[in-house]
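Colleague: Here is a sequence together with a model predicted from it:
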Amino acid sequence: MIGKLPVKRDIKNKIRSLNEAFNGGVEFLWLGQSGFIMTNGNIRILIDAYLSNYLEANHGDLPYEHTRMIPPPVDENILHGIDYVLISHGHEDHLDPDLIRKLTAINPSVIYLVPPGCRALLLKLGAKAEMVRNLSYGRDINIEDGFSINACPAAHPEPVFNTDKVWALSYKLSFGQKSIFFAGDTTVYPGLIDWLISKQPFDLLILPVNGRDPEMEKNGIVGNMNLEEGMILSVMLDVPMLGTHFGMFAFNTVDSHELFHQIQNFGLSDKVELTELNKVYSL
């Protein structure tokens with residue numbers, strides 16, 4: 001029997017301080033794309049946050065406009081209260097260069113938790129060596145009491161199993177007795193399924209569901225699993241799922257209404273949802 005989805009409560013206004021967002025316990029707020037702020041009541045973790053307009057001006061030769069579809073739902077003041085920044089991989093909509101520079105300057109006690117292949121980029125953006133902690137896979141890494149991480153390679157586009165060079169990871173985040181699987185960008189591959197089965201139990205899966213498109217992949221935009229693949233994982237593991245990674249850029253999003261109907265058609269409305277803005281989720 002699949003467990004219950006997180007409880008949601010409305011946040012009406014732009015978040016100006018973390019204290020006004022969170023009440024305690026394991027809670028999180030979606031920031032758009034694959035970005036979240038997450039807390040266990042004691043520590044605050046920024047995950048894959050894209051809060052700037054960096055890509056609008058710096059999308060290089062990509063033939064797609066990267067204009068934001070939504071404004072950041074949080075004020076920059078929240079950066080002072082962040083303890084850790086968890087990054088799944090080095091693409092700028094997950095590792096935001098403008099955000100990293102700003103956060104490093106105003107919050108020198110912040111710790112970046114990153115795949116080893118992203119470390120050099122963090123240092124180039126101004127983070128000091130002691131601020132950057134490499135994550136590996138295959139073992140629990142205790143970050144501090146009440147918060148640990150176990151990682152596996154993400155297929156973005158292919159999984160890399162070289163511990164020293166891996167550039168893209170997915171994570172089991174453990175907060176005491178509560179565990180969340182977070183994937184920033186990945187497709188499904190056999191090693192992922194085996195790893196997920198071996199690391200149960202989970203209380204929640206947070207998965208990218210914007211899918212992949214061969215034409216965009218030819219143009220340098222790597223895709224993800226789609227909603228149906230995410231739902232299969234949810235049913236296989238008996239774990240509720242939140243779908244994310246949409247609504248930020250017009251060229252690389254999904255029709256949320258269409259996905260809502262897919263969830264309904266599979267009879268999974270009480271087990272699978274798409275993430276919503278201006279909601280605080282509580283486990």
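Modeller: Nice, thanks for sending it over.
Colleague: How about the secondary structure of residue 201?
Modeller: For residue 201, the assignment made with DSSP: H, G, I helix; E, B strand; the rest coil gives coil.
Colleague: need the contact list for it.
Modeller: 179, 239 (Cβ atoms under 8 Å, 6 or more residues apart in numbering). C-beta here means a position set from N, CA and C on the backbone, and glycine is covered the same way.
Colleague: Try it again at 10 Å.
Modeller: Taking Cβ atoms under 10 Å, 6 or more residues apart in numbering as the contact definition, residue 201 lies against 3, 177-179, 237-239.
Colleague: which among those end up buried?
Modeller: Buried members of the contacts of residue 201, counted by 16 or more other Cβ atoms under 10 Å: 178-179, 237, 239.
Colleague: and the residue lying closest to residue 42 once chain neighbours are set aside, what is it in contact with?
Modeller: With sequence-adjacent residues excluded and distances taken as Cβ to Cβ, 6 or more residues apart in numbering, residue 42 is closest to residue 146, at 6.4 Å. With contacts defined as Cβ under 10 Å, 6+ apart, the neighbours of residue 146 are 26, 40-43, 174-176, 178.
Colleague: Serialize these to CSV and add fields for distance to residue 192, pLDDT and secondary structure.
Modeller: Shown next, in CSV, are these (distance: Cβ to Cβ, whole Å; pLDDT from 0 to 100; DSSP: H, G, I helix; E, B strand; the rest coil):
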residue, distance to residue 192, pLDDT, secondary structure
26, 23, 96, coil
40, 25, 94, coil
41, 30, 90, coil
42, 30, 90, coil
43, 27, 95, coil
174, 18, 97, strand
175, 22, 96, strand
176, 25, 93, coil
178, 21, 96, strand
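Colleague: Adding distance to residue 67, write those residues out as TSV.
Modeller: What follows is these, written out as TSV (distance: Cβ to Cβ, whole Å):
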residue	distance to residue 67
26	34
40	35
41	36
42	37
43	33
174	37
175	35
176	40
178	36
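Colleague: Any chance of a PyMOL selection covering the buried ones in the residues you listed?
Modeller: To isolate the buried members of the contacts of residue 146 in PyMOL, using 16+ other Cβ under 10 Å:
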select buried, resi 26+40+43+174+175+178
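Colleague: which one of the contacts of residue 146 sits closest to residue 87?
Modeller: residue 43 (16.3 Å; Cβ to Cβ).
Colleague: Which SSE is immediately downstream of the helix or strand hosting residue 29?
Modeller: Take DSSP states H and E as the rule and residue 29 turns out to sit in strand 27-32. Sequence-wise, the next helix or strand downstream of strand 27-32 (DSSP H and E) is strand 35-39.
Colleague: The helix or strand bottoming out on mean pLDDT in the chain: which residues count as buried?
Modeller: One helix or strand of the chain scores below all others by mean pLDDT, DSSP states H and E: helix 18-21, with a mean of 87. Neighbour-count burial for helix 18-21, with 16+ other Cβ under 10 Å as criterion, is recorded at 18, 21.
Colleague: So which elements touch the strand holding residue 29?
Modeller: helix 18-21, strand 35-39, strand 44-47, strand 204-208, strand 241-244, strand 279-282 (3 or more Cβ pairs under 10 Å, 6 or more residues apart in numbering; DSSP states H and E).
Colleague: mind running it again at 6 Å?
Modeller: Of the remaining helices and strands, those touching strand 27-32 by 3 or more Cβ pairs under 6 Å, 6 or more residues apart in numbering; DSSP states H and E are strand 35-39, strand 279-282.
Colleague: Quick check: mean pLDDT of that strand?
Modeller: Mean pLDDT, strand 27-32: 97.
Colleague: and the angle from it to strand 35-39?
Modeller: 170 degrees (axes from the mean of the first three to the mean of the last three Cα atoms, to 10 degrees).
Colleague: what residues does strand 27-32 touch?
Modeller: For strand 27-32, contacts defined as Cβ atoms under 6 Å, 6 or more residues apart in numbering pick out 21, 36-39, 49, 70, 248, 275, 280-282.
Colleague: what's the average pLDDT for stretch 66-85?
Modeller: For stretch 66-85, the per-residue pLDDT averages 95.
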